[in-house]
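In: Take this sequence and fold it.
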Amino acid sequence: MKPLSESKALIKLDAIRTEFAGDIRRSYENKAKPCATCETPGACCLDEHFVNVRITRLEAKAIGNALKSMPSKLKEKVYLRIENAVEKYGLDGRSFENYACPLFEKGIGCLVHEIAKPLPCIAHACYERKEDLPPDQLLTEKETEIANLNERVYGELTLLPLPVAVKQILRTSL
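Out: Next comes the predicted model:
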């Protein structure tokens, strides 16, 4: 596998994310309840019994970059939520525990929605019927592309719970 620089991989990651989001919007989102009309905005993102998104180091880097560009007060709140999520839910690289997403800000929504939102979060929506859901294979194909990019940059694939992965990236880049 040919090595790739982190900066080039981040550009490719963004293209994969953008293409996937477009596919979901065009083919599936119209069959789901719009988030804007939800009676409990963010309930799915903050449901500590539901969220279990695991991401690559490359995805964590994209999220870390997005967080760094935020206003200081907001950034500090998010960093604290990340730390608290790791501690509260006992998250580590070996666990498959669920957690409330630290990237959701009440009144704003997903803080990385347009720039670094993980693919499982893009695919998620409130679908009334199972047959309206995007097929698992669509997500799996794109996650495999991201895993391959990650391996080309870092030489290995490690999937970690989002708070753990982002915490590690923030720690190494501060």
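
In: Spit out the contact partners of the residue nearest the centre of the chain.
Out: For the chain, P118 is the residue whose C-alpha lies nearest the centre (C-alpha atoms, centre = their mean; 2.7 Å). Shown in contact with P118 (C-beta atoms under 8 Å, 6 or more residues apart in numbering): 53, 55, 59, 63, 162. The way it works is simple: take the backbone N, C-alpha and C, and place the C-beta from them, glycine included.

In: Can you mark which positions in the top helix by length along the chain are buried?
Out: In the chain, assigned by DSSP state H, the helix with the most residues is helix 6-27. If you call a residue buried by 16 or more other C-beta atoms under 10 Å, then helix 6-27 has these buried ones: 9-10, 12-13, 16-17, 20-21, 23-24.

In: Kindly report the same for stretch 59-79.
Out: In stretch 59-79, counting by 16+ other C-beta under 10 Å, buried: 59-64, 66-67, 78-79.

In: try stretch 148-156
Out: By 16+ other C-beta under 10 Å, the buried positions in stretch 148-156 come out as 148-154.

In: OK, contacts around N84?
Out: Per C-beta under 8 Å, 6+ apart, neighbours of N84: P102.

In: Thanks again, I'm all set now.
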